[in-house]
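Enquirer: just need the structure, nothing else, for what follows:
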Amino acid sequence: MTDSILAPKPNSPMAKAGQAPKIGLVSLGCPKALVDSERIMTTLRGQGYSFSRDYAGADIVLVNTCGFLDSAKAESLQAIGEALNENGRVIVTGCLGVEEDLIRATHPRVLAVSGPHQYEAVVNAVNEHLPPVPNKFVDLVPEQGLRLTPRHYAYLKISEGCNNRCSFCIIPQIRGDLASRPVASVLYEAERLVQAGVKELLVISQDTSAYGVDIKYATSKYRGRDVKAKFHDLADELGNLGVWTRLHYVYPYPHVDSVIPLMAEGKILPYLDIPFQHASPSVLKAMRRPANQEKTLDRILRWREICPDLTIRSNFIVGFPGETEEDFEMLLDWIEEAEIDRAGCFEYEPVTGAPANELEGIVPDDVKRDRFERLMEVAQNVSTGQLAKKVGRTIDVLVDDVEPENNRAIARSKWDAPDIDGQVIVSNATGIKPGDLVTVTVTDSDEYDLFATPVVKAS
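Expert: Residues are numbered from 1 along each chain as shown. All right, here's what the predicted structure looks like:
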């Protein structure tokens, strides 16, 4: 995914004397990489740099890469090449940066290369190749920092790295082991975002529910109180800020059970993004992931008893080496039994350096494609049924966009994360603006979306 796409630049002069040097940014990959880009932007803005939305206005281009899958590496290399062709002065950072030899062999003209969350190295490279021009009248950075998301929602990254060693994944090789932020740091950042107008916090990391393990759940002072760096405690504190809090990338450890009551109470959104990946014990074992799918199913049923509004999003991999038709059928049955509300699916793709590459039982491409299509059909049927249950209800939605020509708004409910889930299409949307929280009545549904009208307030 490209978060910033820059238009061509005819040539690449240095910044004009006395003017703030301008940086173009191409940010690829997941929300965690987007947060890295935001942090880099904030630091550079504080040093006097400004930003360009196109190649033509940029004195230098920063490409934040993705390197998780080989296809993502190819996309990153293509983006670097485009930036070099259209601008000529390019600095590379991000996950693909750990393969500097590959980058320089493909694009020898890049000015500098650094790896993921090496913020100081990126900033130093920019300083070296495009020195800042201090200006006390323009060097102003909002207290909450610069963001690449709309004003009304923001990603809140609570840790880096991961301690798991899934056989298909190289994230620990790229980003290292789990490194949790102090809880007070996270909470004060969340406060600043809310004060800046954010109405939804999307909590992200590589493994959100492992938060604090590496620092032994260390206590830190937040508003004069001792707060532990624990998954439940963090969720509880975020729930006191008066905005939507959505949990992403939650590994299904037993202690995840403790946040379900917070959802039932309305402190945090009734939404869990859990990458189950599969349901067959043999496939999960080969993936080096927990293989207690029956126990997990029982837990999901208990979660729904405590919080009937709970929505579960998950991703699944089909065509993993050794996956049989029986394994795949088990996965389909499990998705139906668990009523996975939002499902994404990926055909297995080898990742350079991943242990799964050594496994036997390669699944042919045509079989992977067939299984992908069958899984998405089952997931669509489950989604259709789950959304139909919402018709007739009155709910709050957060507006992402408006279409005045159609007199409608594009919004999301507490069951929908931005970019990856469905939407709530609100008709009769006169006067509604992006960022508004609106109470609506759900009038209809389809496979992925809800349709609604605003509740008319009594005069």
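Enquirer: so where's the stretch 201-350 of the chain uncertain?
Expert: Applying pLDDT under 70 to the stretch 201-350 of the chain flags residues 290-294.
Enquirer: if you set the cut-off to 50 instead, what comes out?
Expert: Across the stretch 201-350 of the chain, no stretch falls below the confidence threshold (pLDDT under 50).
Enquirer: quick one: the helices in it, in order.
Expert: For the stretch 201-350 of the chain, applying DSSP state H, counting those that start in this stretch gives helices covering 231-238, 260-265, 281-287, 293-306, 325-338.
Enquirer: next up, phi/psi of the closest residue to residue 350 other than its chain neighbours, please.
Expert: Of all residues not flanking residue 350 in the chain, residue 357 sits nearest, at 5.1 Å (CB to CB, 6 or more residues apart in numbering). The C-beta positions use only the backbone N, C-alpha and C, and glycine is treated the same way. When read as degrees, to the nearest 10, the backbone of residue 357 gives phi -60, psi -20.
Enquirer: count of neighbours near residue 357?
Expert: 13 (other CB atoms under 10 Å).
Enquirer: how much space separates it from residue 348?
Expert: For residue 357, the distance to residue 348 equals 11 Å [CB to CB, to the nearest Å].
Enquirer: quick revisit: the residue nearest to residue 350 touches residue 351, doesn't it?
Expert: Yes. Using CB atoms under 8 Å, residue 357 is in contact with residue 351, at 7.4 Å.
Enquirer: just the helices of the stretch 201-350 of the chain: most buried one?
Expert: Among these, ranked by average contacts under mean count of other CB atoms under 10 Å, first place goes to helix 231-238 (a mean of 22).
Enquirer: what angle sits between the top helix by length along the chain and helix 325-338?
Expert: Ranked by residue count and defined by DSSP state H, the top helix of the chain is helix 365-388. Between helix 365-388 and helix 325-338, the angle comes out at 10 degrees (axes from the mean of the first three to the mean of the last three CA atoms, to 10 degrees).
Enquirer: quick one: strands adjacent to the helix or strand just after helix 365-388?
Expert: Scanning forward in sequence from helix 365-388 by DSSP states H and E, the next helix or strand is strand 394-403. The strands beside strand 394-403 in its sheet (DSSP bridges) come out as strand 408-412 (antiparallel), strand 437-445 (antiparallel).
Enquirer: let me know which of the ones you listed is the nearest to residue 276.
Expert: strand 408-412 (22.8 Å; CB to CB).
Enquirer: give me the contact list for the closest one.
Expert: Contact partners of strand 408-412, identified using CB atoms under 8 Å, 6 or more residues apart in numbering, comprise 397-403, 418, 421, 423-429, 432, 436, 438, 440, 452.
Enquirer: need the helices of the stretch 201-350 of the chain in TSV (columns: distance to residue 101).
Expert: Formatted as TSV, the helices of the stretch 201-350 of the chain follow (distance: least, CB to CB, whole Å):
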stretch	distance to residue 101
helix 231-238	38
helix 260-265	47
helix 281-287	29
helix 293-306	41
helix 325-338	38
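Enquirer: correct me, but residue 20 touches residue 49?
Expert: Yes. With contacts counted by CB under 8 Å, residue 20 reaches residue 49, the gap being 6.2 Å.
Enquirer: more crowded one of those two?
Expert: Neighbour count, other CB under 10 Å: between residue 20 and residue 49, residue 49 has more, with 23 against 20.
Enquirer: okay, now the unreliable bits of the stretch 1-150 of the chain?
Expert: Residues of the stretch 1-150 of the chain that meet the criterion pLDDT under 50 lie in 1-5, 7-15, 17, 136-143, 146.
Enquirer: residue ranges of the strands in it, please?
Expert: 22-27, 50-52, 60-65, 90-94, 112-113 (DSSP state E, counting those that start in this stretch).
Enquirer: got TSV for these, with distance to residue 386 too?
Expert: What follows is the strands of the stretch 1-150 of the chain, written out as TSV (distance: least, CB to CB, whole Å):
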stretch	distance to residue 386
strand 22-27	33
strand 50-52	41
strand 60-65	35
strand 90-94	36
strand 112-113	45
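Enquirer: turn the ones you listed into TSV, including distance to residue 299 and mean neighbour count.
Expert: Listed next are the strands of the stretch 1-150 of the chain as TSV, based on distance: least, CB to CB, whole Å; neighbours: other CB atoms under 10 Å:
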stretch	distance to residue 299	mean neighbour count
strand 22-27	36	23
strand 50-52	45	19
strand 60-65	37	28
strand 90-94	35	28
strand 112-113	44	22
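Enquirer: so for residue 173, which of the ones you listed sits nearest?
Expert: So among those, strand 90-94 is nearest, using CB to CB, at 14.2 Å.
Enquirer: which residues sit against the closest one?
Expert: 28-29, 33, 36, 40, 60-67, 76, 80, 83-84, 103, 107, 109-116, 118, 121-122, 125-126, 129.
Enquirer: now with 7 Å?
Expert: Strand 90-94 is touched from outside by 29, 33, 60-66, 80, 83-84, 103, 110-114, 116, 118, 122, 125-126, 129, with contacts defined as CB atoms under 7 Å, 6 or more residues apart in numbering.
Enquirer: now the strands paired with strand 394-403 as CSV including mean neighbour count, distance to residue 182 and mean pLDDT?
Expert: Listed next are these as CSV, based on neighbours: other CB atoms under 10 Å; distance: least, CB to CB, whole Å; pLDDT from 0 to 100:
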stretch, mean neighbour count, distance to residue 182, mean pLDDT
strand 408-412, 23, 31, 95
strand 437-445, 18, 31, 96
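Enquirer: need the ones you listed in TSV with distance to residue 170, can you?
Expert: Shown next, in TSV, are these (distance: least, CB to CB, whole Å):
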stretch	distance to residue 170
strand 408-412	32
strand 437-445	39
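Enquirer: wait, which of those strands is closest to residue 370?
Expert: Closest among these, using CB to CB: strand 437-445, at 28.3 Å.
Enquirer: average pLDDT for the following helix or strand past that closest one?
Expert: Downstream of strand 437-445, the next assigned helix or strand under DSSP H and E is strand 450-454. The average pLDDT within strand 450-454 is 96.
Enquirer: just checking: what are the partner strands of strand 450-454?
Expert: strand 424-427 (parallel), strand 437-445 (antiparallel).
Enquirer: let's have those strands in TSV, adding distance to residue 198.
Expert: Output for those, formatted as TSV (distance: least, CB to CB, whole Å):
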stretch	distance to residue 198
strand 424-427	20
strand 437-445	12
